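**Student:** Need coordinates for the following:
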Amino acid sequence: MKKKHIKLLKCLLLFLLAALPGAGRLYAQHYVSDAKIVYKLELPPEQLQLDAMLEGSTLTQYMRGHLSRIDMNLNVVHYTYLINSREQSLVTLIDNHVDKYLIRSGKEEYEKELKQYAGIHFKDQEGTKELVGHTCRKAIGTTADGKTFEVYYAPGLIPENKHYNRRFVNLKGIPLEFEIITRTGAKMKVTATSLDLHPVPVTMFEVPVSGYKVISKEELQRMGN
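**Tutor:** Numbers count the residues shown, from 1 in each chain. Now for the predicted structure:
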């Protein structure tokens, strides 16, 4: 009986030792309230051939609680998206170095776009990648119409606000590299170059009260943008 007990204890010890790394990964998860992530954009070659000025474009993601902001600097034009998930509102700022426009989207349009992005499903794949000091897991995102794109996300970084970037509402962590499918079907690669988890000033999410011409989404479309 004594030998059987010793054998049982050894098996139990081996099980606990095997389980510890998994438990460590669970406790390593960090719920992120504030963050600033800077990404570099690698545009499709055909787009760079048309406009070399787009080279060196960046995307910066800010988050603070229920507030988030995305700055997309394409050099020739700068887009800013101010998202308030509590009020379910979105403000778009466009600066083409000549004119500045402000577009407000209400709750109805917010919910419509959220429903669209909620249709994206992610499936984990084999493979990992080190990005800005974090081990990222590979996943494939599939849109409602069957298009696919690649993502590397940090499972140890969990956003407190799942709607900080509605494109990734179903992803199990913060993406540090991903693809954006353009209107032509080409894919733009977005890779994090820096990650800062310090508090972000609330002023970064304020909607400007002057300096922009307020227009509707329909007016923008008529302009050809």
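**Student:** And the nearest residue to residue 100 once chain neighbours are set aside, how far from residue 96?
**Tutor:** Counting by Cβ to Cβ, 6 or more residues apart in numbering, the nearest residue to residue 100 once its immediate chain neighbours are dropped is residue 212, at 4.5 Å. Any C-beta I mention is one placed from the backbone N, CA and C, and that applies to glycine too. Noted for residue 212: a distance of 12 Å to residue 96, by Cβ to Cβ, to the nearest Å.
**Student:** For these two, indicate the residue with more neighbours.
**Tutor:** Just comparing residue 212 and residue 96: by other Cβ atoms under 10 Å the higher neighbour count belongs to residue 212, 17 against 13.
**Student:** Verify the contact between the more buried one and residue 101 for me.
**Tutor:** Yes - the pair formed by residue 212 and residue 101 meets the contact definition of Cβ atoms under 8 Å, at 6.2 Å.
**Student:** Overlap of the contact sets of these two?
**Tutor:** Common neighbours of residue 212 and residue 101 are listed as residue 93 (criterion: Cβ atoms under 8 Å, 6 or more residues apart in numbering).
**Student:** tell me the contacts of residue 139?
**Tutor:** When contacts are counted by Cβ under 8 Å, 6+ apart, residue 139 is found next to 122-125, 150-153, 171.
**Student:** which element follows the helix or strand it falls within toward the C-terminus?
**Tutor:** Taking DSSP states H and E as the criterion, the element that holds residue 139 is strand 134-142. Along the chain past strand 134-142, the next helix or strand (assigned with DSSP H and E) turns out to be strand 148-154.
**Student:** Please work out which residues outside the helix or strand that that following strand is followed by touch it.
**Tutor:** Proceeding C-terminally, strand 148-154 gives way to strand 157-159 as the next helix or strand, assigned by DSSP H and E. Contact partners of strand 157-159, identified using Cβ under 8 Å, 6+ apart, comprise 29-32, 35, 63, 134, 172-174.
**Student:** repeat that with 10 Å
**Tutor:** By Cβ atoms under 10 Å, 6 or more residues apart in numbering, the residues outside strand 157-159 that reach it are 28-33, 35, 37, 63, 68, 134, 136, 165, 168-169, 171-176, 195, 197.
**Student:** Check which residues of it are buried.
**Tutor:** By neighbour count with 16 or more other Cβ atoms under 10 Å, strand 157-159 contains the buried residues 157, 159.
**Student:** Sheet-wise, list the partners of that strand with their directions.
**Tutor:** The pairing partners recorded for strand 157-159 under DSSP bridges are strand 30-32 (parallel).
**Student:** Identify the residues contacting the strand it pairs with?
**Tutor:** Residues from elsewhere that reach strand 30-32, judged by Cβ under 10 Å, 6+ apart: 63, 134, 154, 156-161, 164, 173-174, 195, 197.
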